[in-house]
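A.B. asks: Any chance you can model this:
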Amino acid sequence: MIRTETFPNAPSSVPQARHLVTQALQDVPSEIRQIVEVAASEIASNCVVHTSSAFTVSINVSPACIRVDITDVGGGEPRLRSPSQLDSAGRGLRIVHLLTERWGISRSNGPGKTVWFEVDNTSQDWEGPDRRLTVDASAEEA
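C.D. replies: I've put the predicted structure just below:
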């Protein structure tokens, strides 16, 4: 199943994008659905804060995996950061990194980019969000 919706660049779009995820994942175990909701909200927030374009959320659910792609046509380069306790921003992709199995950034030939992530859709082997709290420093971007 694939669900796609485009949202305007407005703060109210973040909870709307989260609601789209909630509706698309009604049949998914709640612990997995909540991870996808949080990760999608973080990326949608980044679109609103760091671009001036609308953004599109696509959710692809298969028996093995949930993939979410969030695409905007704004500039900028998303980066995984390590903010200090005093920094008020810079945690969005860190949260996505910690909660999801895989994530990345894809560039198109034109302006914009897609930030995507995948979460395994099997609660049988689910270990909870703390399974990646030890972050591999080699995974961080400069």
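A.B. asks: Residue ranges in the protein under the pLDDT threshold?
C.D. replies: 83, 86-90, 123-142 (pLDDT under 70).
A.B. asks: give me that answer again for 80
C.D. replies: Applying pLDDT under 80 to the chain flags residues 1, 75-77, 79-92, 108, 110, 122-142.
A.B. asks: in it, which spans are helices?
C.D. replies: Ranges of helices within the chain are 13-24, 30-50, 92-99, based on DSSP state H.
A.B. asks: The shortest one packs against which elements?
C.D. replies: Packed against helix 92-99 by the contact rule (3 or more CB pairs under 8 Å, 6 or more residues apart in numbering; DSSP states H and E) you find helix 30-50, strand 102-107, strand 113-120. Where C-beta positions appear, they are placed from N, C-alpha and C, glycine not excepted.
A.B. asks: May I have that helix exported as CSV, CA atoms only?
C.D. replies: Extracted in CSV, the C-alpha atoms of helix 92-99 (Å, rounded to 0.1, in the frame of the first residue of the first chain):
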residue,chain,number,x,y,z
GLY,A,92,15.7,16.0,14.2
LEU,A,93,17.9,13.7,12.1
ARG,A,94,19.5,12.4,15.2
ILE,A,95,16.1,11.2,16.4
VAL,A,96,15.4,9.7,13.0
HIS,A,97,18.8,8.0,13.1
LEU,A,98,18.1,6.5,16.5
LEU,A,99,14.6,5.3,15.9
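A.B. asks: Burial check on Q34, number of neighbours?
C.D. replies: 16 (other CB atoms under 10 Å).
A.B. asks: Over to T4?
C.D. replies: Neighbours around T4, by other CB under 10 Å: 13.
A.B. asks: Please shift the residue numbers so they start at 843 in all later answers.
C.D. replies: With 843 as the first residue, the last one maps to T846.
A.B. asks: Distance check, it against R936.
C.D. replies: Distance, T846 to R936, using CB to CB, to the nearest Å: 26 Å.
A.B. asks: try P953
C.D. replies: The value you get for P953 to R936, if CB to CB is used, is 26 Å.
A.B. asks: In terms of neighbours, single out the busier of those two.
C.D. replies: Taking neighbours as other CB under 10 Å, P953 and R936 compare with R936 leading, 16 against 12.
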